[in-house]
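Enquirer: test case, fold it:
(2 chains)
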Amino acid sequence: MIGYALLYAFLVILAIIFMFPFYSMVVGSLMPKEELFRSYPQLWPPNGPQLTAYRLLLQIASPEEVAASGLQNISNYNFIRYIFNTLLIASVAVALQVFFNTLAGYTFAKRHFPFKNQLFGVILATLLLPAAINFVPFYLLVAGTLGWKDTYWPFWIPNLATAFGIFLMRQFIASTIPDELIDSATIDGASQFQIVTRIVMPIMAGGMVVLGILTFVAVYNEYILTNLIISKPDLRTVQLFLANFKQATIRAPLYDLLFAGSVMATIPLLVLFFVFQRKLVEGVMSGAIKG
Amino acid sequence: MAQAIGTTSAIPQASRSARWRALLREMWKHRVDYLFISPFFIVFLVFGVYPMLWGFRLSLSRWAGGQRPMEWVGLNNYIGLLTNDPLLGKAFLNTMMLLGWILPTGLAFALVVAVMLNVRRLRGRGIFRTLYFLPFVTSGVIVAIVFSQFLDKNYGWVNLLLGKIGIPPVPWLVEAIPAQISVTLLLHWMGSGTNILIFLGALQAIDRELYEAAEIDGANAVQSFFRITVPMLRPVLLFMIITATIGLINLYAQVKLLTNGGPQNNTYTMFMRMMDLIAGNRFGEGAALGFIMGAIILVITFVQLRLLRSWWTVEGNLKS
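Expert: Residues are numbered from 1 along each chain as shown, chains lettered A, B, ... in the order given. Now for the predicted structure:
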């Protein structure tokens, strides 16, 4: 009994430690930065929660608040636009990757054609290629030769179909969909494309959700490539904005605004996470995934 | 390709071309299958293979981009980076130091938590594993923002709590070793959940009968752990060690925003060097650095596989 009590105590304390950075982010966003830099950190805003930082970022602050913040140029930052841009990039990337990876995953799981194993071997081998190897020439190709600087194509086209996604969908489809189902649909005269869209995709919705969320989180949180590709203010993603804002205020970081921005940026991902957490956790536990 | 259709010199010419035609007919019959898998191969050729080949040519040149001339310099970029780039050497040492910090602590921690979550009659397992996995949704940028306030010398939570037990404030982001520990803490917070889940999945795949048999043979819990659990987890451990190594060599956003590589470059990473070379329009050296990093990753992976060779198979380690 004491063993169990200790076990629960440990697990609960650990859960608090894992949650605490989220909590402190929210509390920090609700107080002015003068209160953040008291002699000790606060568990709750001493003067009650204030939404000034959110109003400043969302451009709905009163002129007095703007004047008090000392950020006359705050109206140059269009935070809603950055969230929208990031959601747009991630959504299109998810739609493309889930569709093309499912198409290829189905083909490798259920079809038989010459050189199938060799081609699948090539796909697996590319997983071992470190991304750093061609990072510089990839950047030059995308930003220079193709002229995709200040566009979102670099986030969509090069990862149209990925080795990881094809591998994952192949595993899911091979273990879920019986061959007889495909065979009977073929006998009924369905084309391969119809089989994928009308039989495989409805059954594989769960697997597609797992791949979709992993893709969404990765693209939504992307920073390195964004930092190199996007320079027009209107096209900024929320990660790029937060990173630039942090670096621009490195001597006296505006933590109230940084926290408020971080909270708003994380909300879409938290919603996705909690809606689909069961599938996601089980997907990661199956070992097929390294998040 | 020729090998795949089994041609040998003994086969008469006519028969060989007949086989070729039969193969092509078979492939034509499966044209839709090839169409369905083609997107990956097209983008891999355009955005993977072509840049790599061109990048190799670039790594042997000096080029500042745009219309400027590309000048052949042979292996000078590689020689310069390997022998005359103190920053890169520092970055490599930092990566090795971080590996030394992160691998033992991270894997031991994740394993202990996973074993606890695997206790058979535990209630709320689902809630715990979900909460531990939650940091997965945060970005490197946001984690760096939160942790830089957390670790602030005067106003941060960590020093406040340390003060409660009588430890004087630690200048986390200002001194070399504390800064490396800071990066380690940040990466643990972000990544432990995933490792815990992978361990938990592997633990649940272990046959309970093994433990019951050991119990009958008189083994206690500790013996069972080291004789059954750890050996069964070796393939998973190996996978985690290799992915953690690759992740550290490619580490960028978190460290860039938490410490900016400081203090005195003690958290400067190899990928930061690459980004600095790009920012300085030193594309030839950047391309060469890519190949050097690729080679380092391959060598380390190979060494790890060799050192841990006995880990590949589970059966070899399962002595009663």
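Enquirer: report how many residues lie close to A:Val122.
Expert: A count of nearby residues for A:Val122, using other Cβ atoms under 10 Å in any protein chain shown, gives 14. The C-beta positions use only the backbone N, C-alpha and C, and glycine is treated the same way.
Enquirer: pLDDT at it, what is it?
Expert: In this model, A:Val122 is scored at 95, pLDDT.
Enquirer: what sits against it?
Expert: When the contact criterion is Cβ atoms under 8 Å, 6 or more residues apart in numbering or on different chains, the partners of A:Val122 are B:Phe41.
Enquirer: change it to 10 Å
Expert: For A:Val122, the contacting residues are A:115, A:163, B:40-41, B:44, taking Cβ atoms under 10 Å, 6 or more residues apart in numbering or on different chains as the criterion.
Enquirer: for those residues, give me CSV that also has secondary structure.
Expert: Output for these, formatted as CSV (DSSP: H, G, I helix; E, B strand; the rest coil):
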residue, secondary structure
A:Phe115, coil
A:Ala163, helix
B:Phe40, helix
B:Phe41, helix
B:Phe44, helix
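Enquirer: among these, who's most crowded?
Expert: Neighbour-wise, the contacts of A:Val122 (other Cβ under 10 Å) top out at B:Phe40, 25 neighbours.
Enquirer: wait, that residue sits on A:Met169?
Expert: No: with contact taken as Cβ atoms under 10 Å, B:Phe40 and A:Met169 are classed as non-touching, separated by 11.5 Å.
Enquirer: hang on, the earlier thing: which single one of the contacts of A:Val122 is nearest to B:Asp33?
Expert: Nearest to B:Asp33 among these, counting by Cβ to Cβ, is A:Phe115 at 10.4 Å.
Enquirer: what's the distance between that closest one and B:Phe41?
Expert: As judged by Cβ to Cβ, to the nearest Å, A:Phe115 and B:Phe41 stand 11 Å apart.
Enquirer: find residues that contact each of the two.
Expert: A:122, B:34.
Enquirer: longest helix in chain B, by number of residues?
Expert: Of all the segments assigned as helix in chain B under DSSP state H, the longest by residue count is helix B:86-117.
Enquirer: could you point out which element follows that helix?
Expert: Counting by DSSP states H and E, the next helix or strand C-terminal to helix B:86-117 is helix B:125-133.
Enquirer: check whether the helix or strand of chain A at the bottom of the mean pLDDT ranking comes near chain B.
Expert: Every helix and strand of chain A was ranked by mean pLDDT, DSSP states H and E. The lowest is helix A:33-36, at a mean of 78. Yes: applying Cβ under 10 Å from any Cβ of the partner chain, one finds that helix A:33-36 is in contact with chain B at A:Leu36.
Enquirer: please save the CA atoms from the helix or strand following that helix in PDB.
Expert: Stepping forward along the backbone from helix A:33-36, the first helix or strand reached (DSSP H and E) is helix A:52-57. Presented in PDB, the C-alpha positions along helix A:52-57 are these (Å, rounded to 0.1, in the frame of the first residue of the first chain):
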ATOM      1  CA  THR A  52      -3.100  43.900 -21.800                       C
ATOM      2  CA  ALA A  53      -0.500  41.700 -23.500                       C
ATOM      3  CA  TYR A  54      -3.100  39.900 -25.500                       C
ATOM      4  CA  ARG A  55      -4.800  43.200 -26.500                       C
ATOM      5  CA  LEU A  56      -1.500  44.600 -27.600                       C
ATOM      6  CA  LEU A  57      -0.800  41.700 -29.800                       C
END
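Enquirer: which other helices and strands does helix A:52-57 contact?
Expert: helix A:2-29, helix A:63-69, helix A:79-110, helix A:255-285 (3 or more Cβ pairs under 10 Å, 6 or more residues apart in numbering or on different chains; DSSP states H and E).
Enquirer: chain center to that helix: distance?
Expert: The gap between where helix A:52-57 is centred and where its chain is centred comes out at 24 Å by Cα atoms, centre = their mean, to the nearest Å.
Enquirer: list of residues touching that helix?
Expert: With Cβ under 10 Å, 6+ apart as the test, helix A:52-57 has contacts from A:28-33, A:60-62, A:65-66, A:68-69, A:71, A:74-75, A:77-80, A:82-83, A:241, A:245, A:254-261, A:263-264.
Enquirer: change it to 7 Å
Expert: Helix A:52-57 has contacts (Cβ atoms under 7 Å, 6 or more residues apart in numbering or on different chains) with A:29, A:32, A:61, A:65-66, A:69, A:71, A:74, A:79, A:256-257, A:260-261.
Enquirer: how about the least confident helix or strand of chain A: buried residues?
Expert: Neighbour-count burial for helix A:33-36 flags A:33, A:35-36 (criterion: 16 or more other Cβ atoms under 10 Å in any protein chain shown).
Enquirer: out of those residues, which is nearest to A:Pro46?
Expert: Closest to A:Pro46 out of the buried residues of helix A:33-36 is A:Glu35 (6.1 Å), distances taken as Cβ to Cβ.
Enquirer: ok, that closest one touching A:Trp44?
Expert: No: in terms of Cβ atoms under 7 Å, A:Glu35 does not count as a neighbour of A:Trp44; the distance is 10.5 Å.
Enquirer: pass me the low-pLDDT residue ranges in the chain, would you?
Expert: No chain was given, so I picked chain A. For chain A, residues meeting the criterion pLDDT under 70 lie at A:39, A:287-291.
Enquirer: my question was about chain B, not that one.
Expert: B:1-14, B:310-320.
Enquirer: how's it carved up into domains?
Expert: Domain segmentation of chain B under automatic domain parsing yields B:3-59, B:86-317.
Enquirer: burial count for the residue of the stretch 151-300 of chain B found nearest chain A?
Expert: Minimum separation of the stretch 151-300 of chain B from chain A (Cβ to the nearest Cβ) falls at B:Gly201, amounting to 3.3 Å. In terms of burial, B:Gly201 registers 20 neighbours under the definition other Cβ under 10 Å.
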